[in-house]
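Visitor: got a structure for you, letters missing:
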């Protein structure tokens, strides 16, 4: 799985890693820690309600959060779209901050005095969307316990929820409640979108920092290693696919034949070549009247027409009797 159509998720993963690393290097974690007593009740440092979302506490929480963001965030962003996903992240952080402040006011007397650092509430809000939107691909059982392919992400979230009790458990509850409120269409929160100036600013200045989102290109053709590398095959380097045996056939009198009596090998199509042609589809293309172009022809036309896709070049070569005819076909298609 790649970050294709998931620019916001990739940006969040990069940001969480860099912020948590820098906070640890410069030893400023105490600015991101929050306790109701004394930070809120005595010193009135309400800005800690926002800053504690900006970095994870330790490397283990960072690893769990990054794994969940990659496995879950990519799928949810592809379902929502990048603009709606960024708006969902913004609303989740605002709503979870408000719920955290209310929870500290209500429960600090029974021992819940602090909240775990990091965007854990957003991670659990994201997991709630994942549980409601993404269906399970397959199910299985371990010791009679029904599980699915989504169970691994839930297990990672469970470890994050119990990492720094009771603050981490409070983050899990508040994050799940935030995701439920967002999905319940309460006050139209799921219809909110970020302002266009913010979106244009992100596309202009933040998108280049994220890097490419295109997935690695994988060839859909089965070719020998030397052809994939662009090295032409000659007669001397071409492997012999015929059946070779070192046993000398018997001569006319039943004894071993001499060098002059050994029959010449047959040069018909081998069973191995026919099997490879069936697997790669060359036999079907030959029966359909399509020519199988060589890799050198494909590379030559790709260099001549760099703006065309490789599949278009291959299709023109297959339908043309020669490379010159393929060039004329491609030129005619561009006029």
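Guide: Now that the structure is in, tell me what you want to look at. Just so we're clear, the structure is a prediction, and the values are computed from it rather than from any experiment.
Visitor: Got the confidence number for residue 228?
Guide: Looking at residue 228, its pLDDT reads 49.
Visitor: Wait, residue 293 touches residue 317, no?
Guide: Yes - applying CB atoms under 8 Å as the test, residue 293 and residue 317 come out as touching, 3.6 Å apart. Heads up, the C-betas are built off the backbone N, CA and C, glycines and all.
Visitor: okay, and the common contacts of these two?
Guide: 323, 326 (CB atoms under 8 Å, 6 or more residues apart in numbering).
Visitor: who has more neighbours, these two?
Guide: More crowded of residue 293 and residue 317, by other CB atoms under 10 Å: residue 317, with 25 against 19.
Visitor: Show the contacting residues for the more buried one.
Guide: Counting by CB under 8 Å, 6+ apart, residue 317 touches 291, 293, 297-298, 301, 323, 326.
Visitor: Now which of those residues would you call buried?
Guide: The neighbour-count test (16 or more other CB atoms under 10 Å) marks 293, 297-298, 301, 323, 326 as buried among the contacts of residue 317.
Visitor: give me every residue that touches residue 291.
Guide: Going by CB under 8 Å, 6+ apart, residue 291 touches 285, 317-321.
Visitor: let's see 6 Å
Guide: Residues counted as contacts of residue 291 (CB atoms under 6 Å, 6 or more residues apart in numbering) are residue 318.
Visitor: begin at 797 from here
Guide: From this message on, residue numbering opens at 797, which makes the last subject residue 1087.
Visitor: Quick check: which element contains it?
Guide: Using DSSP states H and E, residue 1087 falls within no helix or strand.
Visitor: ditto for residue 1112
Guide: Using DSSP H and E, residue 1112 sits in helix 1106-1115.
Visitor: following that helix, which helix or strand shows up next?
Guide: Per DSSP H and E, the first helix or strand lying C-terminal to helix 1106-1115 is helix 1119-1130.
Visitor: quick one: that next one to chain centroid distance?
Guide: Its chain's average C-alpha position is 37 Å from that of helix 1119-1130, according to CA atoms, centre = their mean, to the nearest Å.
Visitor: Show me what that helix packs onto, helices and strands only.
Guide: Judged by 3 or more CB pairs under 6 Å, 6 or more residues apart in numbering; DSSP states H and E, the packing partners of helix 1119-1130 are helix 1106-1115.
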